[in-house]
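*Asks:* pasting the structure only:
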């Protein structure tokens, strides 16, 4: 995955969501919407932790879009 | 992603949509239609800002087509 | 995209559709059928112009098949 | 596409279908079933000609399976 | 396809299914379930032969999962 | 698959699920949910063993997300 470089805007933006413990919505190819905080990212996956602290490893290849949750925390 | 080179027509066209703050429609693999202005592009993603300034990071791998919004601005 | 070389049959065929302003149908992964003339191609995308001159940038990754419109022009 | 080498079984099998003008069924990711004879293959696409000689360029990325038509010709 | 190396567990497991003429189920991205014996594999495809000896070339890119048929042969 | 390196968080996390014989849920692109223990991983696939010891080889390309089963074992 040549597109995983720490200087890229998309990688840096996700890194700032991790640092700020920002709640995000992740839409995936099966149409599921995963909601939670991003715990880590690597070139293949993101890890999302939901409100009950359940962790889900999401494959980047299946991500359609990601946005910060607009609702106040 | 060898196909991300700043000289390519598709990359330059998107760059001009960013510069002109052109409203676009982006159809993605889940059949969602995202509408807004493109804020930035990198080899992995585009970032779209909608009318309420909500930002969405869209993965290129999930993009089917993109077109300028035909309605007058 | 190693498969984008100007000598390939598929790239040359599309180049001839562009030159001849041939109307084509493009089926994409969301099952939409886009109809129009191809304006340009690059390694990542094709650009289709429909009868009202609306341009759509179609990502190659989402193309399923493409055929010349069988109806007389 | 490193997997397009003329010595591979899959590439040779398709080459023999072309030579023998064998009718085949091609199932694609949108669930369409294309039926016809393969005219040419390149690393990105196959070209199928149906019974009315309409040609369709099919992207390999969208092919799920391909089989010789079991019905007698 | 860097992941096709004869020493990989997945490639070796399929090789043993070929050798043992094991009946398998292959689930593909269109949700079709193909059942039969694997005749050969190459970096791009598997070839499945069903009970009526009809052969189907399945593209690896479309394979979701594969399992030995649990029913006694 | 450049993203398969044993030092990556996602690869190490799966390795720890294998070692701990942790039950996991794997959501794939066809929307099927596979449940079982991971037996092995390689750059192309994971192998899941369900409660009746039936083994399924799952292609990474089709994985959407994976999570440890929250129910007590």
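*Replies:* Now that the structure is in, tell me what you want to look at. What you are looking at is a predicted structure, and each value in this text was computed from that prediction instead of being measured.

*Asks:* low pLDDT regions in chain A?
*Replies:* Along chain A, the model assigns pLDDT under 70 to residues A:1-3, A:71-73.

*Asks:* 50 - rerun?
*Replies:* Per-residue confidence for chain A (pLDDT under 50) gives these ranges: A:1-2, A:73.

*Asks:* just the strands in it please.
*Replies:* Assigned strands in chain A, in chain order: A:23-28, A:33-41, A:45-49, A:55-59, A:63-68 (criterion: DSSP state E).

*Asks:* now check the first one, is it near chain B?
*Replies:* So the one you mean is strand A:23-28. Yes: for strand A:23-28, a contact with chain B is found by Cβ under 8 Å from any Cβ of the partner chain, at residue A:27. Quick note: C-beta positions are derived from backbone N, CA and C, even for glycine.

*Asks:* is that strand in proximity to chain F?
*Replies:* Yes: applying Cβ under 8 Å from any Cβ, one finds strand A:23-28 touching chain F at residue A:28.

*Asks:* that strand: how far from the chain's middle?
*Replies:* Averaging C-alpha positions (Cα atoms, centre = their mean, to the nearest Å) puts strand A:23-28 6 Å from its chain's average.

*Asks:* kindly report the same for the last one.
*Replies:* Strand A:63-68 sits 7 Å away from the centroid of its parent chain (Cα atoms, centre = their mean).

*Asks:* what does the fourth one give?
*Replies:* The chain centroid and the centroid of strand A:55-59 are separated by 9 Å under Cα atoms, centre = their mean.

*Asks:* can you list contacts of it?
*Replies:* A:26, A:28, A:34, A:36, A:39, A:44-50, F:10, F:13-14, F:60, F:63-68 (Cβ atoms under 8 Å, 6 or more residues apart in numbering or on different chains).

*Asks:* for chain A, which residue gets nearest to chain D?
*Replies:* Nearest to chain D in chain A, going by Cβ to the nearest Cβ, is residue A:29, at a distance of 11.8 Å.

*Asks:* quick one: neighbours of that residue, just the number.
*Replies:* 22 (other Cβ atoms under 10 Å in any protein chain shown).

*Asks:* check residue A:15 too.
*Replies:* Residues near residue A:15, counting by other Cβ under 10 Å: 14.

*Asks:* any idea how far chain B is from the nearest residue to residue A:51 once chain neighbours are set aside?
*Replies:* Closest residue to residue A:51 apart from its sequence neighbours, by Cβ to Cβ, 6 or more residues apart in numbering or on different chains: residue A:36 at 7.0 Å. As judged by Cβ to the nearest Cβ, to the nearest Å, residue A:36 and chain B stand 16 Å apart.

*Asks:* beta partners for residue A:36?
*Replies:* Residues in a beta bridge with residue A:36, per DSSP bridges, are residue A:24.

*Asks:* that one touches residue A:53, doesn't it?
*Replies:* No: here residue A:36 does not reach residue A:53: they are 9.2 Å apart, not a contact under Cβ atoms under 8 Å.

*Asks:* how close does the residue of chain A found nearest chain C get to residue E:29?
*Replies:* Distances between chain A and chain C by Cβ to the nearest Cβ are smallest at residue A:29, namely 10.3 Å. Computed with Cβ to Cβ, to the nearest Å, the distance linking residue A:29 and residue E:29 is 10 Å.

*Asks:* how about the residues of chain A by chain B?
*Replies:* Counting by Cβ under 8 Å from any Cβ, the residues of chain A near chain B are A:2-4, A:8-11, A:13-14, A:27, A:29, A:31, A:60-61, A:63-68, A:70.

*Asks:* count the neighbours of the residue lying closest to residue A:12 once chain neighbours are set aside for me.
*Replies:* Counting by Cβ to Cβ, 6+ apart, residue A:6 is the residue found nearest to residue A:12 once chain neighbours are left out, at 7.2 Å. Neighbour count of residue A:6, defined by other Cβ under 10 Å: 7.
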